[in-house]
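1. coords please:
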Amino acid sequence: MRRVMVTGAAGGVGSACVRVFRNAGYEVVGVDRQPSSDADLHIQFDVGRPDCGVEIVQALDSMEIDGLVNNAADALDKLAVDVTAEDFDNVYAVNLRAPLLLASALKQDLAARSGFVVNVASVHAVATSKSVAGYAATKGGLLAMTRALALEWAPDVRVNAVLPGAVNTRMLQEGLARSGMTMDEFAERQPLGRVGDAIEIAEAIHFLAVNTFTTGSALIVDGGATARLSTE
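-> This next block holds a predicted model:
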């Protein structure tokens, strides 16, 4: 049986990935700070730990992995001048360092099985907003890292990124609550007139996982948000 690891498996996009991959016949190993998810095997673990790659491999206990979805992420909603070193270190550890360490720790296994890595970046990697400089920096770095790993690891491992826009998850809901904007008001600003559903992002991730002629790519799934000029 094919086996995929999904980090942030208990969250909105992560849990949708679990469902999509299980429906496609994969066994899913979920990794999350939360104690449980719908994955076949759940590992409660904080990927922000500095030795996350080594510790996850130990937890797998020789279990073979065909693919990795680096989905776990932390938000950082602060003006740049208010971001502390601790703030940035925390978001960097989860959003950028962990994907590199986990992918590198699993690389030998992935290569042996002609596997894949899908990094869940964000449209903030290419077009962003105020008060998210630290978050945007990590997602931009994740996109650059995706291209670099795709070149280093070809042809044995395919490495791609998906760039979600506004998706109805707890992270978006919490961000809107801080801004005072309702979900309906925010949806009206989107070209398609709605925010995305987590399952739509999971399906894009699955596409990148199974398309064997795609590597180093960045698939934007944002309802058209980045296509619009900000002056319009």
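2. Sketch out the helices for this protein, chain order is fine.
-> Per DSSP state H, the chain carries helices over the ranges 12-23, 52-60, 85-92, 98-112, 133-153, 170-179, 183-188, 198-210.
3. contact partners of the helix or strand bottoming out on mean pLDDT in the chain?
-> Least confident helix or strand, the chain: helix 170-179 with a mean of 79, by mean pLDDT, DSSP states H and E. Outside helix 170-179, the residues that touch it by CB atoms under 8 Å, 6 or more residues apart in numbering are 11-12, 73, 75, 77, 166, 182-183, 186, 195. No exception for glycine: its C-beta is placed from N, CA and C like everyone else's.
4. again, only using 10 Å
-> By CB atoms under 10 Å, 6 or more residues apart in numbering, the surrounding residues in contact with helix 170-179 are 11-13, 73-75, 77, 129, 131-132, 164-166, 169, 181-183, 185-186, 195-196.
5. could I have that helix exported to PDB, CA atoms only?
-> Extracted C-alpha coordinates of helix 170-179, given in PDB (Å, rounded to 0.1, in the frame of the first residue of the first chain):
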ATOM      1  CA  ARG A 170      -9.700  28.100  11.600                       C
ATOM      2  CA  MET A 171      -6.600  30.200  10.700                       C
ATOM      3  CA  LEU A 172      -8.700  32.400   8.400                       C
ATOM      4  CA  GLN A 173     -11.600  32.600  10.800                       C
ATOM      5  CA  GLU A 174      -9.200  33.800  13.600                       C
ATOM      6  CA  GLY A 175      -7.600  36.300  11.300                       C
ATOM      7  CA  LEU A 176     -10.900  37.800  10.300                       C
ATOM      8  CA  ALA A 177     -12.000  38.000  13.900                       C
ATOM      9  CA  ARG A 178      -9.000  40.100  14.700                       C
ATOM     10  CA  SER A 179      -9.700  42.400  11.800                       C
END
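6. tell me which residues of that helix are tucked away?
-> Across helix 170-179, burial judged by 16 or more other CB atoms under 10 Å covers 171-172, 175-176.
7. Quick check: which of the helices of the chain is nearest to S217?
-> Smallest distance to S217 across those (CB to CB): 7.1 Å, for helix 198-210.
8. pLDDT on that closest one, on average?
-> Throughout helix 198-210, pLDDT has a mean value of 98.
9. and that helix with helix 12-23, angle?
-> Orientation check (axes from the mean of the first three to the mean of the last three CA atoms, to 10 degrees): helix 198-210 against helix 12-23 gives 50 degrees.
10. Can you tell me how far A73 is from A24?
-> Computed as CB to CB, to the nearest Å, the A73 to A24 distance reads 23 Å.
11. whoops, I mixed them up, E203
-> Going from E203 to A24 by CB to CB gives 10 Å.
12. cool, and N168?
-> N168 is 23 Å from A24, by CB to CB.
13. before we move on, what about T231?
-> T231 is 42 Å from A24, by CB to CB.
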